[in-house]
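Enquirer: Fold the stuff below for me.
(one chain, ligands or ions: 1)
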Amino acid sequence: MLRSLLKQSSALRNITKQSASLATCTRQIRGAQASLIEASEESFQATNKLYTVRPVAFWMDKILEKENKRPLNVSSTQYQHASVNKTMSDSYMEEYLPFKSSPTLLDEYITTGGKVRIGKILEDLDALAGAISYKHMDTFVDSPPLTVVTASVDRMELLMPNTVEDFKLSGHVAYVGKSSMEVFVKLETIPQYDPATVESSEFPPNDFIAKPTPNTVLFARITMVAVDSATGKSVRVNPLITRNDEEKKISEYAQDCKSRKRLAGESALNKAPPTADERLTLHDIYMKYSDKEVAPENAVWMEDMTMQSVFLMQPQDRNIHNKVFGGYLMRRAYELAHATGSVFAKSQVSLLSLDEIVFKKPVPVGSLLNLHSQIIYSQGEPSKTFQVSVTAEVTDVETGTTDLTNTFHFSLASKEKPLRQILPRTYSESMKYIEGKRRREHGDEAKTQLLSLMCNNSN
Ligand SMILES: CC(C)(COP(=O)(O)OP(=O)(O)OC[C@H]1O[C@@H](n2cnc3c(N)ncnc32)[C@H](O)[C@@H]1OP(=O)(O)O)[C@@H](O)C(=O)NCCC(=O)NCCS
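Expert: Below you'll find the predicted structure:
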């Protein structure tokens, strides 16, 4: 069947190729639609499918559904769980963000200082990772109503340029577990961006693999989980097969990162006490500062470096399964971390890495989101970097209950002024301090590992 499809006229293929690309006057997305080659003959309508995490129904319909004014459109079809072997290129997608070439697009993302707003890029990144996962999950036949949620952002390294550039955001599934998919996404500068050249070029490109290159300015590893929309339970996703050494290396790297994450989880401070060295560090701080009422000039108490914000979750920020979009939460948390960091550093700060985000529970539309940020680690001079944590709690306005839904960890750097040291006072603050210290040390390791991947793959 596949062969017969491949034999179809080149004209038909060109139409398909065009429909697989969504070009607007500003951003250009390729791979958002299932192509004819991917879809089976019987499910030709699948070619109209758009891989997205954006809502596909009106919020008003949901209100009417709840009030039983409009019946739920539930199909009685008994679905079979199908499984299709997928490759990395099957889930590949790319999105061009030509900030340099498009003043209109730049205006949507611009910061007060004329740079690109990272928080907005985080939203795009999460949306792309979601769409990539849908593409991987697609079996091209009628299947149970599946949805995909962001479980965690495991790490994101950044080296954003100081100038406004044209960018390409791209990625694919790099490893799958049972229901989880490790999605690698990278952002790179495109020195000579031309929409027409992109449109006529091969898709996916030969060098589609998400590995760092000299033009890479952001590299992220995100875990997405497939969930049955009806039961809310996680469901098995399509297997991922590797076709060559390069794909195998990427997949092994993803698996290795997953194992390291599990190991780090086992020695987390809510499971095991600090190590002997860490206890010495804390004791040293205790001996030097415990009798001080006022923090020394080059230091600040951790309790004084916090900020909070509260938002009502609106339908405009919902995702395809009517919960708040993960990218929106990332943007809000990052912008609060950035504000806290700027006040702490008393200067401009930049994001070095997003160390980890865990999406423990979905955030419902209509709830109150309380974000709380804190600077948890800074060694002070001569180091220019510091760690910020943000927690998100959701308050159900009807019941008054509050639930921890997300934790975010960022590493930031001060650009101009020397940094003050952060000093914990309580045991709970001491644990946060050690957590920040571990993340700082792990960050250096993770960067080295990522760069070694770049060297290995260029062999
Ligand atoms: C992600 C979520 C579904 C996991 O729920 P759970 O009860 O832990 O589910 P399970 O135990 O069945 O685990 C399912 C998979 O998720 C993975 N997983 C769970 N928590 C994870 C985390 N923090 N990081 C990475 N993977 C995680 C598990 O390893 C498992 O993978 P596997 O099936 O490949 O082995 C749940 O935590 C959730 O709904 N979180 C909120 C998601 C959200 O709202 N995101 C933002 C909007 S999209």
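
Enquirer: In the protein, which residue sits closest to the ligand?
Expert: Residue nearest to the ligand within the chain (Cβ to the nearest ligand atom): Gly177, separated by 2.3 Å. To be clear about C-beta, it is placed using only N, CA and C from the backbone, and glycine gets the same treatment.

Enquirer: can you count the residues close to that residue?
Expert: Neighbourhood size, Gly177 [other Cβ atoms under 10 Å]: 15.

Enquirer: Check Pro191 too.
Expert: Pro191: 9 neighbours (other Cβ under 10 Å).

Enquirer: And for the one 5 residues further on?
Expert: Here the number of neighbours of Ala196 (other Cβ under 10 Å) works out to 8.

Enquirer: Could you pull out the buried residues of the helix or strand where it lies?
Expert: Assigned by DSSP states H and E, Ala196 belongs to helix 195-200. Neighbour-count burial for helix 195-200, counted by 16 or more other Cβ atoms under 10 Å, picks out 195, 198.

Enquirer: Following the chain onward from that helix, which element is next?
Expert: strand 216-228.

Enquirer: For whatever helix or strand comes next after that next one, enumerate the helices and strands it packs against.
Expert: Heading C-terminal from strand 216-228, the first helix or strand you meet, by DSSP H and E, is helix 245-266. Using 3 or more Cβ pairs under 8 Å, 6 or more residues apart in numbering; DSSP states H and E, the elements in contact with helix 245-266 are helix 88-91, strand 146-158, strand 166-176, strand 180-189, helix 427-458.

Enquirer: ok, and what's touching helix 245-266?
Expert: For helix 245-266, contacts defined as Cβ atoms under 8 Å, 6 or more residues apart in numbering pick out 87-88, 154-155, 174-175, 177, 182, 184, 209-211, 221, 240, 242, 271-272, 438, 442, 449, 453, 456-457.

Enquirer: Only the C-alpha atoms, please, for that helix, written as CSV.
Expert: Extracted in CSV, the C-alpha atoms of helix 245-266 (Å, rounded to 0.1, in the frame of the first residue of the first chain):
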residue,chain,number,x,y,z
ASP,A,245,24.6,5.1,14.7
GLU,A,246,23.8,8.8,15.1
GLU,A,247,20.2,8.1,16.1
LYS,A,248,21.4,5.3,18.4
LYS,A,249,23.8,7.7,20.2
ILE,A,250,21.1,10.3,20.7
SER,A,251,18.8,7.7,22.0
GLU,A,252,21.4,6.3,24.4
TYR,A,253,22.2,9.8,25.6
ALA,A,254,18.5,10.4,26.3
GLN,A,255,18.3,7.1,28.2
ASP,A,256,21.4,7.9,30.2
CYS,A,257,20.0,11.3,31.2
LYS,A,258,16.8,9.6,32.3
SER,A,259,18.8,7.1,34.4
ARG,A,260,20.8,9.9,36.0
LYS,A,261,17.6,11.7,36.8
ARG,A,262,16.3,8.6,38.6
LEU,A,263,19.5,8.2,40.6
ALA,A,264,19.4,11.9,41.6
GLY,A,265,15.8,11.5,42.7
GLU,A,266,16.8,8.6,45.0
